[in-house]
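# give the three-dimensional model of this entry:
(one chain, ligands or ions: 2)
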Amino acid sequence: MLVAPSILSADFGKLNEDIKAICDGGCDLIHVDVMDGHFVPNMTIGPVVVNSVAKIATKPLDVHLMVENNTFFVELFASLKPEYISFHIESEKHPHRLIQKIKSYGIKPAIVLNPHTTPESIEYLLEDLDMVLLMSVNPGFGGQKFISSVIEKASKLKKLIDKRNPNCLIQVDGGVNDKNIEQLKNAGVDVVVAGSYVFGNEDYSKAIKSLQI
Ligand code: DX5
Ligand code: ZN
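Ligands and ions are numbered 1, 2, ... in the order given. Model (predicted):
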């Protein structure tokens, strides 16, 4: 299981130190939550802060857009060369076109599904995707309770992925901890995002390793 700590739960007063600690602690990706105050009722960080994160990060960035104007934000973050950019299917009228745009920058495209959105809704996009992110909370905030129906959804998605594009990864984001990690693994999940679980632990490295099962 790959682990992507979400810096939303980091201490922004000592962000450099926290980034260094998760990289040294053995994380696989750094999950960056970008919120616009429209698609979700919260705002986070923009390219200025993410640029300084990118400079000290020794692990690849995984940018999760929770915005209405996806194309604008993809253009804004492309020059920072994240490994992945993921956008919500619920906020995009032309997902196929946007996937091609993300790829044109040499970045891996991923699509995010909110808790109510079915995996079948993106079946015909799977062959163009590197990852699908299933939300296991309503997007907007860290520290929320895990919505357990994501387990069944991940199993359904896994079947579609095996049929359409076995290279596509499944990522789960929200409320992930050492209590639900095994169920997620058994459902075929490849990558988990963990914010409050990692940054709420005194030993980030220990928390990260407890999820890398
Ligand atoms: C929620 C974000 C998550 C969040 C996860 O909108 O997408 O990445 O930071 O935080 P936890 O792990 O605390 O649920
Ligand atoms: Zn996220």
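# switch to C-alpha atoms for all contacts and neighbour counts from now on
OK.
# show me which helix runs longest in this protein.
Identified as the longest helix of the chain according to DSSP state H is helix 150-164.
# go ahead and flag the most central residue of this protein.
Of all residues in the chain, the one closest to the mean position by C-alpha atoms, centre = their mean is His64, 5.2 Å from it.
# hang on, it in a strand?
Yes - assessed with DSSP: H, G, I helix; E, B strand; the rest coil, His64 lies in a strand.
# show me the contacts for it.
Each residue near His64 by C-alpha atoms under 8 Å, 6 or more residues apart in numbering is listed here: 31-34, 85-87.
# give me that answer again for 10 Å
The contact partners of His64, taken as C-alpha atoms under 10 Å, 6 or more residues apart in numbering, are 6, 31-35, 84-88, 110-112, 133, 173.
# can you pull out the strands in this structure?
Counting by DSSP state E, the chain has strands at residues 2-5, 30-35, 61-66, 84-88, 108-113, 131-135, 169-173, 191-194.
# quick one: strands adjacent to the first one?
When pairs are called by DSSP bridges, strand 2-5 turns out to pair with strand 191-194 (parallel).
# which residues touch the partner strand?
Defining contact as C-alpha under 10 Å, 6+ apart, one finds that strand 191-194 is touched by 1-9, 28-32, 62, 131-135, 142-143, 169-177, 181, 184-185, 207-208, 211-212.
# restricting to the residues you listed, which residues neighbour ligand 1?
Filtering the contacts of strand 191-194 for proximity to ligand 1 (criterion: C-alpha under 6 Å from any ligand atom) leaves 6, 8, 142-143, 173-176.
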